[in-house]
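Undergrad: Build me a structure from this.
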Amino acid sequence: METVIIDYGMGNLLSVQRAFEKCGSDAAIIDNPLELRSAQHIVLPGVGAFPDAMEHLRQGGWIEELDRAVLEKEVPILGICLGMQLLAEKGCEGSVCEGLGYIPGEIVMLEPTEAKERIPHVGWNEIEKRVDVPLFDGIGDGTNYYFVHSYHFRVENEEHAAAVTPYCGGFVSAVARDHIAGTQFHPEKSQKAGFKLIRNFLAL
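TA: Residues are numbered from 1 along each chain as shown. So this is what the prediction gives:
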């Protein structure tokens, strides 16, 4: 299978699948971790709380197979929204919870720096590229994407911050480390700019 979209009980799956299909990929929603073994690209979506998501991944037997695919076979993976946050070493939502640990850093709550800023951060906002990564090939600074979130990725190494967004003092809105990538925004809901990013991911 070219692209697999992980169904672990906490994702906006059909809209992600439709977006990948529109971008020319054979995209399958999978609920069996063993199906990761035939994947060429992996998508980890997610909506909800970090600790709940990690518990679902553990109970579903996903973590071992994800580690094998991502760390050993180096299959490209894209985390979307909560899925991006799960790539971190730990999350601090309610209590400290261990993440997948693919990109060093932690997930912390957004903190407003201006009176007009509201949490959760919902709606369209721009990105500003920080490092040159294939995920953003042909995508310029100031491009708008669609966000819905209350937490953000505090990276340990700035070289993994692919893009930032000017809200709450500026937060990391995309991460990248070799074949591992994540977006805090929803490319599947971001129209032309989102589809461009998806095509870039599929080219990895």
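Undergrad: Look through the chain and tell me its longest helix.
TA: helix 191-202 (DSSP state H).
Undergrad: Residues contacting it, please?
TA: Outside of helix 191-202, the residues within contact range by Cβ atoms under 8 Å, 6 or more residues apart in numbering are 2-3, 19-20, 22-25, 41, 76, 78, 134-139, 143-146, 181, 183, 185-188, 190. The C-beta positions use only the backbone N, C-alpha and C, and glycine is treated the same way.
Undergrad: now the residues you listed: which count as buried?
TA: Buried residues within the contacts of helix 191-202, counting neighbours by 16 or more other Cβ atoms under 10 Å: 3, 19-20, 23, 25, 41, 76, 78, 135-136, 139, 143-146, 181, 183, 185-188, 190.
Undergrad: quick one: low-confidence ranges for the protein?
TA: 1 (pLDDT under 70).
Undergrad: Helices along that one, start to end?
TA: 13-22, 50-59, 62-67, 82-85, 191-202.
Undergrad: what comes up buried for the last one?
TA: Within helix 191-202, the residues that count as buried by 16+ other Cβ under 10 Å are 193-202.
Undergrad: next one: the third one
TA: Under the neighbour-count criterion of 16+ other Cβ under 10 Å, helix 62-67 has 62, 65-66 buried.
Undergrad: And the longest helix of the chain, how far out from the chain middle?
TA: 13 Å (Cα atoms, centre = their mean, to the nearest Å).
Undergrad: quick check: angle from that helix to helix 13-22?
TA: On the basis of axes from the mean of the first three to the mean of the last three Cα atoms, to 10 degrees, helix 191-202 is oriented at 80 degrees to helix 13-22.
Undergrad: buried ones in stretch 87-100?
TA: For stretch 87-100, by 16+ other Cβ under 10 Å, it's 87-88, 90-93, 97, 99-100.
Undergrad: In strands only, show me those.
TA: In strands, defined here by DSSP state E, the members of these are 90-93, 97.
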